[in-house]
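Chemist: Fold the following, please.
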Amino acid sequence: MPKWATDLILQYESGAAGQFILYGNVHDRVLLPGGGPSAVAGIASVAGVSSVSGAGAAMSAATLLATPQLATPQRLGSLTDFISLALLPRFDVVLSYDLGNGIRIEKGGELFQQWPAFKAGGGALPKEPRSAIDALTQYLRYVSNLHRLTQKRTQVGVFVRSANLIVPSVRGGVAYDLAALALNIRDWASEQALADHPLATFLITENLSDLHPLIVNNPRAARMEIPLPRTMDLQNALVAMSPTYPKALEGFAQNLDQPAAQLTGATLSAVEGMLKTKQHRSEVITPGDLATLKRELVEKDTQGLIDFIQPDRSLDDLHGQDAIKQWLTQDITLWHQNDLNAMPMGYLFCGPVGTGKTYMVECLAGSAGVPVVKLKNFRDKWVGSTEGNLETIFRLLHALGRCYVFIDEADQALGRRTSESGDSGVGGRVYSMMAEEMSNTRNRGKIVWVLASSRPDLIEVDLKRPGRVDVKVPLFPTTTPEAGFALMRALLKKRGVPLEASAFDELKTDSGTLVPDLLTPGAAEALAVKVYRASRTQNLSALGALRASLMDYRPPVSPEVMKFQIGLAVSEASDASFVPERFR
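Modeler: Predicted structure coming up:
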């Protein structure tokens, strides 16, 4: 049984909570106990009834924790299917409500139909939110009163699917009808007569930030996060699905731990959909397909909030920066040895525009052998959507295992402690959520935050402190003509335009050299492309094309801006050895 389910049972059995807010990966497929409802009910009858009085008597820990006896997982179902089969097999009445279907009787129709209000209404159940929640509240009070009068106990479970659409979060102003709905639902957990009755209510929402704060902040309601499937969950699911999709999984035979490990981070729904497609096409999944499939599944699940990058370069591809490469290599060695005491929580790569901050991140991840998750524009114009997007991203990161999280232009993406006017407080909430997640020590050795910015002074100081960003790496342009020439020569070699080392002397002039001072990798890359083009279109030698290109060169960044951004990078550096002698 998943950990969230055992925690839920403990909360219910102890009487600490009878209302549960299920959030996170709530729309995914879930492994169901094998054998169907009758098998679960049979085990329940053998296990006995809990001796816990009150609400706890309705759900026996002895019964519910006997999962290994229920049979191995054989099929996938919804979250509500899992709760009904594994947690509520002995409940007398189970009801559900959502905006599309209204109130539905999932179990115990004969008992529910004895409710006088149901008979008086001719068997019709309301669909509109206010009427439906009122009806459910009245029924719960009815069975509670009936129990006190006649000692006839009716165990009731209620699901509210997509609860965020019924009682959404509101910011600014008061919506009285909405507040009344939220208070009614809150009463299911807080009203003493209902709390003493064997009643379990489940509010299902993808993100906590989407749900009304009166419900989310109710101390009598327990919040249970449904995580993305772990590697073992995926392996069990693949075992369960292998008879249905034998062709797609033919390449792995009985060795399903490999695809399970490779696909960690994807939802079971996405994996099942991929297997259906492969089986229909009679295609066999190969080990080489897994990285591509994982990237496609994860990006689809996160709805474009991230780019999933599998780096194809390493620190060996990085020109210069020897002190920085040595430090990063040591960190990677500690990571591989699982020695996390000195492993940084995060890096900040800062420096002038064009100094290769993104390239450095890809080289770092390639040497570490882990993926890079690049955050895209997670901000949204709709109230609450930005916070919901961040919750979705955090769930993915927790499921992936080891990865780098790359935030480019961090000075713009991470928000401010004090929100700007006109943003409805979004910037402040983004800042708060990012600060909390970046300082979570449980992520050490799993998630490494990598921020990049040419304006690190605009990033909030608290986000750059040790414990969130431990290593600040400045990246600089070349400091000598010789270094600038070596950089251009290396880039030209990659393009098949070899240049002799002695060519440097040919670029000298009476006033010095044609090689630009403070040459960034970005500017050198543009020069290399120009040289390559000239050598192909003007029938020039490599040296002639380089000389002609340097004669027309104009720096892409003004000297004033370059000097200012270099100064910022120097002031941010966490280690003096990272700073070239010229700038110290």
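
Chemist: wait, is Leu297 part of a helix?
Modeler: Yes - with DSSP: H, G, I helix; E, B strand; the rest coil as the criterion, Leu297 is part of a helix.

Chemist: I'd assumed Ala266 was in contact with it.
Modeler: Yes - using C-beta atoms under 8 Å, Leu297 is in contact with Ala266, at 4.0 Å. Just so you know, the C-beta spots here come from the backbone N, C-alpha and C atoms, and that holds for glycine as well.

Chemist: who has more neighbours, these two?
Modeler: Neighbour count, other C-beta atoms under 10 Å: between Leu297 and Ala266, Ala266 has more, with 26 against 20.

Chemist: Mind pulling the model confidence for the more buried one?
Modeler: Each residue has a pLDDT score; the one for Ala266 is 85.

Chemist: Going along the chain, name the helices of the stretch 151-300 of the chain.
Modeler: 163-166, 176-190, 192-195, 213-216, 231-241, 257-262, 268-280, 290-301 (DSSP state H, counting those that start in this stretch).

Chemist: Identify each buried residue in the fourth one, please.
Modeler: Applying a neighbour-count criterion of 16 or more other C-beta atoms under 10 Å, the buried positions in helix 213-216 are 214-216.

Chemist: do the same with the last one
Modeler: Taking 16+ other C-beta under 10 Å as the basis for neighbour counts, the residues of helix 290-301 that come out buried are 290, 293-295, 297-298, 301.

Chemist: What of stretch 108-122?
Modeler: Quick answer for stretch 108-122 (16+ other C-beta under 10 Å): 108, 112, 115, 118.

Chemist: ok, now which ones touch the second one?
Modeler: What that stands for is Phe112. For Phe112, the contact set (C-beta atoms under 8 Å, 6 or more residues apart in numbering) comprises 93, 95, 105, 118, 139.

Chemist: And for the first one?
Modeler: The neighbours of Gly108, taking C-beta under 8 Å, 6+ apart as the test, are 91-94, 154.

Chemist: Quick check: most distant residue from the centroid of this protein.
Modeler: Checked against the mean C-alpha position of the chain, the extreme residue using C-alpha atoms, centre = their mean is Asp510, at a distance of 58.0 Å.

Chemist: Phi first, then psi, for it.
Modeler: phi -60, psi -30 (degrees, to the nearest 10).

Chemist: Any figure for the gap between it and Arg416?
Modeler: Separation of Asp510 from Arg416 (C-beta to C-beta, to the nearest Å): 52 Å.

Chemist: same question, Gly496
Modeler: Counting by C-beta to C-beta, the gap from Gly496 to Arg416 is 48 Å.

Chemist: circling back to that earlier point, Throw the contacts of Phe112 into CSV and include distance to Ala248, pLDDT and secondary structure, thanks.
Modeler: Output for these, formatted as CSV (distance: C-beta to C-beta, whole Å; pLDDT from 0 to 100; DSSP: H, G, I helix; E, B strand; the rest coil):
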residue, distance to Ala248, pLDDT, secondary structure
Val93, 41, 94, strand
Leu95, 39, 95, strand
Ile105, 38, 93, strand
Phe118, 48, 89, helix
Tyr139, 46, 94, helix
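
Chemist: out of those residues, which one sits closest to Ala503?
Modeler: Minimum distance to Ala503 across the contacts of Phe112 is 81.4 Å, recorded for Leu95 (C-beta to C-beta).

Chemist: residues contacting that closest one?
Modeler: Taking C-beta under 8 Å, 6+ apart as the test, what Leu95 contacts is 103-106, 112, 136, 139, 156-159.

Chemist: repeat that with 10 Å
Modeler: 103-108, 112, 125, 135-136, 139-140, 156-160, 201 (C-beta atoms under 10 Å, 6 or more residues apart in numbering).

Chemist: among those, which are in strands?
Modeler: Counting by DSSP state E, the contacts of Leu95 place 103-107, 156-160, 201 in strands.

Chemist: so which of these comes closest to Leu463?
Modeler: Nearest member of the ones in strands among the contacts of Leu95 to Leu463, counting by C-beta to C-beta, is Val160, at 36.8 Å.

Chemist: my guess is the closest one meets Val167, correct?
Modeler: Yes - applying C-beta atoms under 10 Å as the test, Val160 and Val167 come out as touching, 8.6 Å apart.

Chemist: Which neighbours do the two have in common?
Modeler: Contacts common to Val160 and Val167, judged by C-beta under 10 Å, 6+ apart, are 129, 133, 185, 203, 205, 215.

Chemist: about what we covered before: want to throw the buried residues of stretch 108-122 into JSON lines with distance to Ala569?
Modeler: Shown next, in JSON lines, are the buried residues of stretch 108-122 (distance: C-beta to C-beta, whole Å):
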{"residue": "Gly108", "distance to Ala569": "67"}
{"residue": "Phe112", "distance to Ala569": "68"}
{"residue": "Trp115", "distance to Ala569": "71"}
{"residue": "Phe118", "distance to Ala569": "71"}
